[in-house]
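Peer 1: Turn this into a structure:
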Amino acid sequence: MSHQTTTAEEAVRGLLDEWATGIAEHRPRDVAALFTPDALFQGFDPTPGFDRDYVAAYYSKQPVGLTADFDLIATRELAAGVVLGYARVLFARPDGPVPVFLTVVAERSQDGWALSHYHVSKILEA
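Peer 2: Numbering: from 1, shown residues only. Prediction:
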C-alpha cells in the first residue's frame, strides 16, 4: 500500500463532503462518526457538547430535508496532523435558508481524519 500525503484542504474538504452528505441523507450516527470521541461541538444550541453522542443527538433533531452547501474559504495546518478549516455554509431548511460561518479543527489519527472542534456562527444580515 502506498502512502499518500493529504493536504490541509483535502482533509477538511473530505470531512465536510461526508458531513454534508450525512446531513442531507438524515444519518445522524454517520455524521457523528466523523468526529473524534471527545469532540467539542457548538451548533445552534445555547451550550456546547463534547462527544459523538451529543453530535448524533443534535443532528437527530434536525428536520428531514436539511441540506448543507459549503464553500471552503480557508484551511491552515496548525501542527502535524492538525488542520483548521473555515467555511461559509448555507443550511437549506424546510422553513428557509440559514447562512453561517463554520470553523472546524480536524485531527489525523491512525484511523484517519476526524473533526475535533466544530463551531457555527449565524450570519446576520446588516
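Peer 1: I'd like the distance from the longest helix seen in the chain to the chain centre, please.
Peer 2: Ranked by residue count, the top helix of the chain under DSSP state H comes out as helix 8-24. Relative to the centre of its chain, helix 8-24 is centred 7 Å away, using CA atoms, centre = their mean, to the nearest Å.
Peer 1: Which strands or helices does that helix pack on?
Peer 2: Contacting helix 8-24 under the criterion 3 or more CB pairs under 8 Å, 6 or more residues apart in numbering; DSSP states H and E are the following elements: helix 28-32, strand 67-79, strand 82-93, strand 96-109, strand 112-122. Quick note: C-beta positions are derived from backbone N, CA and C, even for glycine.
Peer 1: want to try TSV for those, with mean pLDDT as columns?
Peer 2: Rendered in TSV, the data for these read as follows (pLDDT from 0 to 100):
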stretch	mean pLDDT
helix 28-32	98
strand 67-79	97
strand 82-93	97
strand 96-109	96
strand 112-122	97
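Peer 1: Pick the most deeply packed of those.
Peer 2: Per-residue neighbour counts averaged over each of the helices and strands packed on helix 8-24 give the maximum for helix 28-32, namely a mean of 19 (mean count of other CB atoms under 10 Å).
Peer 1: who's in contact with that one?
Peer 2: By CB atoms under 8 Å, 6 or more residues apart in numbering, the surrounding residues in contact with helix 28-32 are 18-19, 22-23, 52-53, 55-60, 62.
Peer 1: One more pass at 6 Å, please.
Peer 2: Helix 28-32 has contacts (CB atoms under 6 Å, 6 or more residues apart in numbering) with W19, G22, R52, V55, A56, Y59, S60.
Peer 1: From V83, how far off is the residue nearest to R13 when sequence neighbours are not counted?
Peer 2: The shortest distance from R13 to any residue other than its chain neighbours is 5.7 Å, reached at L72 (CB to CB, 6 or more residues apart in numbering). Taken as CB to CB, to the nearest Å, the spacing of L72 relative to V83 amounts to 11 Å.
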